[in-house]
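J.: quick check, what structure comes out for this input:
(2 chains)
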Amino acid sequence: MARKVGMEVSVAIGEAAKLANVDVVAAYPITPQTHIVEHLAELVANGELDAAYIPVESEHSAMSACLGSAAVGARTFTATAGQGLELMHEVLYVASSMRLPLVMAVANRALSSPLSVWGDHSDVMAVRDTGWIQLFTENGQEVVDNVFCAFRIAEDRKVLLPVMVHLDGFHLSHVIEPILFPEQDKVDKFLPSNQYPLPLHPDRPVTMGDFGPPIIYSEAKWAQEVNLRASKEVILQCWQEFGKAFGRHYSPVERYHSEDAKVLLLTMGSFSETAMTAIDRMRESGKDVGLVRLRLWRPFPFEELRRAVGNAETLIVLDRALSFGGPGGPVCSEVKAALYGEDKKPKVISFVGGLGGRDITPAGFEQIINRGIEISQKGSPNEFEIFGVRE
Amino acid sequence: MPKPEGEMTWRDLEIGAIVTEPGSASQYKTGDWRSQRPTYDFKKCIKCALCQIFCPEGCIQQNDEGHFEADMYYCKGCGICTRECPTMVITMVEEEE
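T.: Numbers count the residues shown, from 1 in each chain, chains lettered A, B, ... in the order given. Predicted structure coming up:
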């Protein structure tokens, strides 16, 4: 029987990596990711996990070590957050461009300055275009499940790309939740051993990350783009197989009372669960509102998003990151771009909130939705509104 | 041998543009970088091989007469051989094509 345990989500991620039978962990501790890698270090030191734990001097080195281990075909896991993710930045591109299947949990954190260890999506948005598959999760169970899915997707022969599993720093990483851990044999069955097709090996030398002059660089980049887009099919299949094996179902765009609602709210990450409470309350008082949650950030699920929001009149998008001087929240920009060419589409209203760990309560979400409805009717001179800032 | 890079489509590339055969760098024509080329007055050459030792490209070999000469496919025209030659065999001239 699968066991249900009350556990801090960060510790549960370590347990998930253990169940996924990782070979190598290279990581540098940073709040709010620290407990994930601390737990993995303990598991390795106690002999409970047969893996190499590589302590490194920075996140740049952590990701570089991960490249090396993924390149020899070892199942590789790491985790980071905020400034750590930014320090990895250039190496993130190398991981995806060399098509190395590794998995990283990111405990989403705001960026300095002022220094904030608390959560928002500023770190994620800065690595949007690094070529990684990026999944968002809303609770501890989803993170654990998606660690297994992430490895299966990353290592699929048709994909071979690194995957980020995003979880909100503190709001998710540090809470204790009941988590259902599947049995080892079921995980092993779902996640066969990593068979990287062109590993570094002295008997069969290959060159990775070779010199790419103008005559070949565009071809290399286009191959990468085609591959990332095509990975969506494998991601869908993987979630389907996961649902069959474990009874929990995931999809790129998830809906909550959204089917016939005129007004929709779109969120990403753990705030979606708070938003559900707000939607429940508003529906109880007769308001025609629903929620759409974006789970797959890259590759962007254009078709699924259009289907989910196409019939609404108003779509209010909440971003937990600013795009300074830009058209609004980064998620909202992409949603607008996805809908621009459609004949039938909702008015899209952009809100930014929940920055640097600021809570948005159910009452806060009600205010955002009501203000969004007001803007869609009366218009607004602003590209977007920020929620909850003291004037 | 794989296709020359100029003929490869994106579909021809290995995953991650990984190169699976050793020695592929030998195809790379670094001679394209050259703005000056070495010319030789072999009458002065004492066959000491200093130019070959100092050549950063490793592209200098002995010809049939035993004189040392750069392979123009790889020679980048840096002029280090000219500077190091003790008997002033080599003169750099502008590439004018």
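
J.: please count neighbours and contacts with C-alpha atoms only from this point.
T.: Will do.

J.: now residue A:242: how far from residue A:194?
T.: 18 Å (C-alpha to C-alpha, to the nearest Å).

J.: quick check: residues of chain A near chain B?
T.: Residues of chain A that fall close to chain B, judged by C-alpha under 8 Å from any C-alpha of the partner chain: A:97-99, A:205-210, A:215-216, A:219-220, A:222-224.

J.: would you point out the most distant pair within these?
T.: A:205 and A:222 (25.2 Å; C-alpha to C-alpha).

J.: and residue A:77, that's in a strand?
T.: Yes. Secondary structure assignment places residue A:77 in a strand (DSSP: H, G, I helix; E, B strand; the rest coil).

J.: ok, it - contacts?
T.: A:17, A:22, A:24-26, A:66, A:102-104 (C-alpha atoms under 8 Å, 6 or more residues apart in numbering or on different chains).

J.: okay if I get those as JSON lines plus neighbour count, secondary structure and pLDDT?
T.: Below are the contacts of residue A:77 laid out as JSON lines (neighbours: other C-alpha atoms under 10 Å in any protein chain shown; DSSP: H, G, I helix; E, B strand; the rest coil; pLDDT from 0 to 100):
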{"residue": "A:17", "neighbour count": "25", "secondary structure": "helix", "pLDDT": "98"}
{"residue": "A:22", "neighbour count": "22", "secondary structure": "coil", "pLDDT": "98"}
{"residue": "A:24", "neighbour count": "22", "secondary structure": "strand", "pLDDT": "98"}
{"residue": "A:25", "neighbour count": "28", "secondary structure": "strand", "pLDDT": "98"}
{"residue": "A:26", "neighbour count": "24", "secondary structure": "strand", "pLDDT": "98"}
{"residue": "A:66", "neighbour count": "27", "secondary structure": "helix", "pLDDT": "98"}
{"residue": "A:102", "neighbour count": "32", "secondary structure": "strand", "pLDDT": "97"}
{"residue": "A:103", "neighbour count": "32", "secondary structure": "strand", "pLDDT": "98"}
{"residue": "A:104", "neighbour count": "23", "secondary structure": "strand", "pLDDT": "98"}
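
J.: out of these, who's nearest chain B?
T.: residue A:102 (14.1 Å; C-alpha to the nearest C-alpha).

J.: doesn't residue A:153 make contact with that closest one?
T.: No. Look at residue A:102 against residue A:153 with C-alpha atoms under 8 Å: they stay out of range, at 9.9 Å.

J.: mutual contacts of the two, please.
T.: residue A:163.

J.: list the contacts for residue A:319?
T.: A:121, A:267-268, A:329-332, A:350-353.

J.: quick check: closest non-adjacent residue to residue 51.
T.: With no chain named, the answer covers chain A. residue A:23 (4.5 Å; C-alpha to C-alpha, 6 or more residues apart in numbering or on different chains).

J.: oops, chain B please
T.: Closest residue in space to residue B:51, ignoring its immediate chain neighbours: residue B:81 at 4.6 Å, by C-alpha to C-alpha, 6+ apart.

J.: show the contacting residues for that neighbour.
T.: Here residue B:81 is in contact with B:50-52, B:54-55, B:90 (C-alpha under 8 Å, 6+ apart).

J.: so it is in which element?
T.: Assigned by DSSP states H and E, residue B:81 belongs to helix B:80-84.

J.: adjacent strands (with direction) for the very next helix or strand once past that helix?
T.: Downstream of helix B:80-84, the first helix or strand assigned by DSSP H and E is strand B:90-94. Strand B:90-94 pairs in its sheet with strand B:36-40 (antiparallel), by DSSP bridges.

J.: report the backbone C-alpha coordinates of whichever helix or strand comes after the partner strand in PDB.
T.: For strand B:36-40, the succeeding helix or strand toward the C-terminus, using DSSP H and E, is helix B:50-54. Taking Å, rounded to 0.1, in the frame of the first residue of the first chain, the C-alpha atoms of helix B:50-54 are listed here in PDB:
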ATOM      1  CA  LEU B  50      61.700  27.000 -34.400                       C
ATOM      2  CA  CYS B  51      58.800  28.200 -36.500                       C
ATOM      3  CA  GLN B  52      57.100  24.800 -36.200                       C
ATOM      4  CA  ILE B  53      57.600  24.800 -32.500                       C
ATOM      5  CA  PHE B  54      56.200  28.200 -32.000                       C
END
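
J.: I would like the residues contacting helix B:50-54, please.
T.: B:58-61, B:68, B:80-82, B:84-85.

J.: now with 7 Å, please.
T.: B:58, B:60-61, B:80-81, B:84-85 (C-alpha atoms under 7 Å, 6 or more residues apart in numbering or on different chains).

J.: what of stretch A:193-205?
T.: So stretch A:193-205 is contacted by A:71-73, A:75, A:155, A:206, B:20, B:22 (C-alpha under 7 Å, 6+ apart).

J.: mind doing that once more with 8 Å?
T.: Everything outside stretch A:193-205 that qualifies as a contact, by C-alpha under 8 Å, 6+ apart, is A:71-75, A:155, A:157, A:160, A:206, B:20-22.

J.: same thing with stretch B:13-27?
T.: A:97-99, A:205-210, A:220, A:223-224.

J.: can you say which of these are buried?
T.: Buried members of the contacts of stretch B:13-27, counted by 16 or more other C-alpha atoms under 10 Å in any protein chain shown: A:97-99, A:206-208, A:220, A:223-224.

J.: what's near enough to touch residue 92?
T.: This is for chain A. A:63, A:130-132.

J.: try chain B instead
T.: By C-alpha under 8 Å, 6+ apart, the contact set of residue B:92 is B:36-39, B:77, B:79, B:82.

J.: what about the helices in chain A?
T.: For chain A, applying DSSP state H gives helices covering A:9-19, A:34-45, A:59-71, A:82-87, A:89-97, A:122-126, A:140-155, A:184-190, A:214-246, A:271-284, A:302-309, A:330-339, A:362-378.

J.: could you tell me the angle between the last one and helix A:271-284?
T.: Using axes from the mean of the first three to the mean of the last three C-alpha atoms, to 10 degrees, the interaxial angle of helix A:362-378 with respect to helix A:271-284 works out to 70 degrees.

J.: what stretches of chain A score poorly on pLDDT?
T.: Flagging of chain A using pLDDT under 70 yields the residue ranges A:1.

J.: domain parsing for it?
T.: A:3-246, A:254-386 (automatic domain parsing).

J.: give the residue farthest from the middle of chain B.
T.: Distance from the C-alpha centroid of chain B peaks at residue B:11, with 31.6 Å (C-alpha atoms, centre = their mean).

J.: check contacts around the closest residue to that one other than its chain neighbours.
T.: Excluding the flanking residues, the one nearest residue B:11 by C-alpha to C-alpha, 6+ apart is residue A:223, at 6.9 Å. Residues near residue A:223 by C-alpha under 8 Å, 6+ apart: B:10-11, B:13.

J.: redo those residues as JSON lines? Include secondary structure.
T.: Below are the contacts of residue A:223 laid out as JSON lines (three-state DSSP):
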{"residue": "B:10", "secondary structure": "helix"}
{"residue": "B:11", "secondary structure": "helix"}
{"residue": "B:13", "secondary structure": "coil"}
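
J.: just the residues you listed now: which is nearest chain A?
T.: Using C-alpha to the nearest C-alpha, the contacts of residue A:223 come closest to chain A at residue B:10, 4.4 Å.

J.: give me the number of residues near the closest one?
T.: 18 (other C-alpha atoms under 10 Å in any protein chain shown).

J.: go on, residue B:5?
T.: Residue B:5: 16 neighbours (other C-alpha under 10 Å).

J.: got a list of what the nearest residue to it once chain neighbours are set aside touches?
T.: Nearest residue to residue B:5, sequence neighbours excluded (C-alpha to C-alpha, 6+ apart): residue A:216, at 6.3 Å. By C-alpha under 8 Å, 6+ apart, residue A:216 lies in contact with B:5-6, B:8.
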